[in-house]
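Enquirer: structure here, sequence nowhere to be found:
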């Protein structure tokens, strides 16, 4: 039985926790007394506690994230009731900021904020020796990356066979986008490249074929990026029948010719790029400290779409301070015209610790107090409109990002994608009253119904859903703005 149990609740089974494996690799003499036990959100709290306590640990280290904090809070509360002798140590981004305001941190024995690879083993050693000296809440020590043992040998054969393998060639980010926790980093720190590639080679030799890089800025240093791409391309060339898939997050306006040449060589199905555009509005970008050359970003996306086989997953955020629906619609239409394979529409979230909080009062930002802390309204977008945007994003995933209805998309989106898809999403919600659980066959029937009747100018529901089935973006936004002004006048009285 281990003295120390490392655990977390992953969002899906396919997600293997990189953080737990970093801790495991850096436990030093305590490694042989430590085990990892991962779970997936959705388990009953009592069952989860039972499984953890079956290991008879003296210490449980729990990784807390935005997707598992509510279930983790219930778990910690239950464990302290039934096994108060077990020491509970929390870590992870969700408990690294605003610590005093959280129920879960009040329940736990210890909290380590930030980096844990040095501080967690030190604390465990003190606890097991009966002489803990670290404070109950302590900032994790950030060592030089060269002092850390890489975690990749901690992936099991079962992980390699069935799960995505998360890796990082660097930590941190030099950019200061205020909606992101990486805005708090001073810079990006690279791992020693030769050692990192040697670890990737060992993973490949063990059978790993799905590599997901969590670097915030994979293409920050082009020479490093090119060497990593060369590593994967060489293996694809040597074993074309044994496909490798690699996912990277790219800075959108930084794609030098040398990197383009490396990317262009890859065959289909091998590369995926996650590219954060977030907004095309220069005033909003300046407001949130986001540096981005929009024209260069657009040119790079167009080049990637036409000269590479990479799958492009591009992000936009609705609800950023200073951006109204008209501006968001323009950015959305601009992005659709570039033809990425997926557009991920996110609603702004107030992640704990992020500088976005400074805009709360000036822009009347109202956030959900419960995870994932999504924006509910601001001075430019009313609550009802934000709800419409949330449904828009969900339906976009089901219809556009799923790839199931590519034959219908051109007719659905026409020459004004935002307005046309907004009209469709409003009607679809009226027909179904749900945003999930729609079987693909039913969704296709509804999509065909919408396309058939709007082509003839009729209304699918036989009643007024919108003043017109398809309204241009500026007209739709104008109607919403008029409605909002009327509500304000009514609230103010005569």
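Expert: Nice, thanks for sending it over. Just so you know, these numbers come straight off a predicted model, no measurement behind them. Numbers count the residues shown, from 1 in each chain.

Enquirer: and stretch 11-20, what's buried?
Expert: 15, 16, 17, 18, 19, 20 (16 or more other C-beta atoms under 10 Å). Yep, even glycine has a C-beta here, placed from its N, CA and C like the rest.

Enquirer: give me the spatial nearest neighbour of the fourth one, chain neighbours excluded.
Expert: Nearest in space to residue 18, with sequence neighbours left out and distances taken as C-beta to C-beta, 6 or more residues apart in numbering, is residue 166 at 4.2 Å.

Enquirer: what bridges to that neighbour?
Expert: On the basis of DSSP bridges, residue 166 is bridged to residue 212.

Enquirer: strands of the stretch 51-200 of the chain, start to end?
Expert: Along the stretch 51-200 of the chain, counting by DSSP state E, counting those that start in this stretch, strands occupy 59-63, 87-91, 110-113, 137-139, 165-167, 170-172, 188-190.

Enquirer: starting at the chain centroid, how far to the last one?
Expert: Okay, so that is strand 188-190. 20 Å (C-alpha atoms, centre = their mean, to the nearest Å).

Enquirer: swap in stretch 113-132?
Expert: Relative to its parent chain, stretch 113-132 has a centroid offset of 29 Å by C-alpha atoms, centre = their mean.

Enquirer: pLDDT on it, on average?
Expert: Averaging pLDDT along stretch 113-132 gives 95.

Enquirer: returning to that earlier point: close enough to count as contact, the residue nearest to residue 18 and residue 212?
Expert: Yes. If you go by C-beta atoms under 8 Å, residue 166 and residue 212 touch, sitting 5.2 Å apart.

Enquirer: which residue ranges make up each domain of the protein?
Expert: 4-143, 164-362, 398-494 (automatic domain parsing).

Enquirer: mind putting those into JSON lines with distance to residue 385?
Expert: Putting the domains of the chain into JSON lines (distance: least, C-beta to C-beta, whole Å) gives the following:
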{"stretch": "domain 4-143", "distance to residue 385": "24"}
{"stretch": "domain 164-362", "distance to residue 385": "6"}
{"stretch": "domain 398-494", "distance to residue 385": "6"}
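
Enquirer: so which strand or helix has the residue sitting nearest the centre point of the chain?
Expert: By C-alpha atoms, centre = their mean, the chain has its centre lying nearest to residue 346, at 9.1 Å. Element membership for residue 346, per DSSP states H and E: strand 342-347.

Enquirer: what does that strand rub up against?
Expert: By C-beta atoms under 8 Å, 6 or more residues apart in numbering, the residues outside strand 342-347 that reach it are 311-319, 332, 335-336, 374-375, 386, 389-390, 392-393, 396-397, 400-401.

Enquirer: now with 7 Å, please.
Expert: 313-319, 335-336, 374-375, 389-390, 392-393, 396, 400-401 (C-beta atoms under 7 Å, 6 or more residues apart in numbering).

Enquirer: narrow those residues to those in strands?
Expert: Assigned to strands by DSSP state E, the following of the contacts of strand 342-347 qualify: 313, 314, 315, 316, 317, 318, 375.

Enquirer: ok, so of those residues, who is nearest residue 54?
Expert: Nearest to residue 54 among those, counting by C-beta to C-beta, is residue 313 at 39.3 Å.

Enquirer: strands along the stretch 351-494 of the chain, start to end?
Expert: 366-367, 375-377.

Enquirer: Serialize these to TSV and add fields for mean neighbour count and mean pLDDT.
Expert: Shown next, in TSV, are these (neighbours: other C-beta atoms under 10 Å; pLDDT from 0 to 100):
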stretch	mean neighbour count	mean pLDDT
strand 366-367	18	98
strand 375-377	20	98
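
Enquirer: of these, which is nearest residue 45?
Expert: When the strands of the stretch 351-494 of the chain are compared (using C-beta to C-beta), the closest one is strand 366-367, at 26.1 Å.

Enquirer: that closest one: how far from the chain's middle?
Expert: The answer for strand 366-367 is 19 Å, by C-alpha atoms, centre = their mean.

Enquirer: residues contacting it, please?
Expert: 350, 373, 374, 375, 376, 377, 378.

Enquirer: now the residues you listed in CSV, with distance to residue 301?
Expert: Below are these laid out as CSV (distance: C-beta to C-beta, whole Å):
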residue, distance to residue 301
350, 28
373, 29
374, 26
375, 26
376, 31
377, 31
378, 28
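
Enquirer: and of these, the nearest to residue 159?
Expert: Residue 159 lies nearest to residue 373 out of those, by C-beta to C-beta, at 30.3 Å.

Enquirer: state the number of residues packed around the nearest residue to residue 245 once chain neighbours are set aside.
Expert: Spatially, and ignoring its direct neighbours in sequence, residue 245 is nearest to residue 210 (5.0 Å; C-beta to C-beta, 6+ apart). Neighbour count of residue 210, defined by other C-beta atoms under 10 Å: 16.

Enquirer: for residue 164, see how far away residue 210 is.
Expert: 5 Å (C-beta to C-beta, to the nearest Å).

Enquirer: after the helix or strand hosting residue 283 comes which helix or strand?
Expert: Assignment of secondary structure by DSSP H and E places residue 283 within helix 282-287. Using DSSP H and E, the helix or strand that follows helix 282-287 towards the C-terminus is helix 294-307.

Enquirer: can you tell me what sits against that next one?
Expert: Everything outside helix 294-307 that qualifies as a contact, by C-beta under 7 Å, 6+ apart, is 252-253, 255, 260, 264, 273, 275, 277, 280, 282, 310, 312, 314, 338-340.

Enquirer: which ones among those are found in strands?
Expert: 273, 275, 277, 312, 314.

Enquirer: hang on, the earlier thing: and of the domains of the chain, who's closest to residue 156?
Expert: Per C-beta to C-beta, nearest to residue 156 of the domains of the chain: domain 4-143, 8.8 Å.

Enquirer: distance between the ends of that closest one?
Expert: Domain 4-143 stretches 22 Å from its first residue to its last (C-alpha to C-alpha, to the nearest Å).

Enquirer: ditto for stretch 174-183
Expert: Stretch 174-183 end-to-end distance (C-alpha to C-alpha) = 8 Å.

Enquirer: which of the residues in it are buried?
Expert: 175, 177, 178, 179, 180, 181, 182, 183.
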